[in-house]
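Novice: just need the structure, nothing else, for what follows:
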Amino acid sequence: MKLFREILLIALSASIVSCSASKNLVPEDKATAVASYPCAEKGISDAEFFRACADATSSNISLAREKAVAKAKSSLGKTIVDKVLVAAEQENVSDKETFLKDIGVVSNKAIDIVLKDISPVCEKYSETNGRYTAYIAVEINRQKVFAVLNELLINNFPNFNKERFLKKINE
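Specialist: Prediction:
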């Protein structure tokens, strides 16, 4: 038991020392390099499209591509779901917790539908020491997302002001 306490004390001390360090974990030049990697400019959402970009590395170029596409789609889906939940949070409903849960389910269904068949709008690759990095950007038209979301909202929330809700999402 005494040994356990000593190990715990050492681990706690090490974590306090490492957490109180003032050194940046990511050098500034690395942080800006992330924002300017290939396909990043194609991964910025605008008024017409939801967009996302991602990268992945593997010893197999096909696997790197698959991983990057999956990460980009996941990021795109998360962006859309987050926007839906922010709009849902602003709604005036009696049982907000249940409403938010139901809206989350509906938005995830919409994401599953719209992301199924999208393909990259930008693909770039690099190779270093036998490892391939795929840079991918994906996009989906906002109106397509809203159409699917609207259909699901109509089916799940018949007495809900969908037009106002979709306008909030688009803001």
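Novice: so where's this structure shaky on pLDDT?
Specialist: 1-36 (pLDDT under 70).
Novice: the longest helix along it - contacts with which helices or strands?
Specialist: Of all segments of type helix in the chain, defined using DSSP state H, the longest is helix 61-89. Helices and strands touching helix 61-89, by 3 or more Cβ pairs under 8 Å, 6 or more residues apart in numbering; DSSP states H and E, are strand 49-58, helix 96-115, strand 120-128, strand 131-141, helix 162-170. Using the backbone N, CA and C atoms, a C-beta is placed for each residue, glycine as well.
Novice: what helices and strands are in contact with the first one?
Specialist: Counting by 3+ Cβ pairs under 8 Å, 6+ apart, the packing neighbours recorded for strand 49-58 are helix 61-89, strand 131-141, helix 142-156.
Novice: parallel or antiparallel, list what pairs with that strand.
Specialist: Strand pairing for strand 49-58, using DSSP bridges, gives strand 131-141 (antiparallel).
Novice: contacts only, for the residue nearest the centre of the chain.
Specialist: Nearest to the geometric centre of the chain sits Ser75, at 2.4 Å (Cα atoms, centre = their mean). Each residue near Ser75 by Cβ atoms under 8 Å, 6 or more residues apart in numbering is listed here: 52-54.
Novice: what is the nearest of those to Gln90?
Specialist: Ala52 (23.9 Å; Cβ to Cβ).
Novice: burial of the closest one, as a residue count?
Specialist: 23 (other Cβ atoms under 10 Å).
Novice: okay, the helices and strands packed on strand 49-58, which one's buried deepest?
Specialist: Highest mean neighbour count among the helices and strands packed on strand 49-58 (mean count of other Cβ atoms under 10 Å): strand 131-141, with a mean of 22.
Novice: what about Val105, distance to Ile136?
Specialist: 28 Å (Cβ to Cβ, to the nearest Å).
Novice: before we move on, what about Asn155?
Specialist: 32 Å.
Novice: next, give phi and psi for Asn60.
Specialist: phi -120, psi 120 (degrees, to the nearest 10).
Novice: quick one, the longest helix of the chain and helix 142-156 angle?
Specialist: 60 degrees (axes from the mean of the first three to the mean of the last three Cα atoms, to 10 degrees).
Novice: for helix 61-89, the distance to its chain's centre please.
Specialist: 4 Å (Cα atoms, centre = their mean, to the nearest Å).
Novice: do stretch 60-78 as well
Specialist: Counting by Cα atoms, centre = their mean, stretch 60-78 comes out at 11 Å from the chain centroid.
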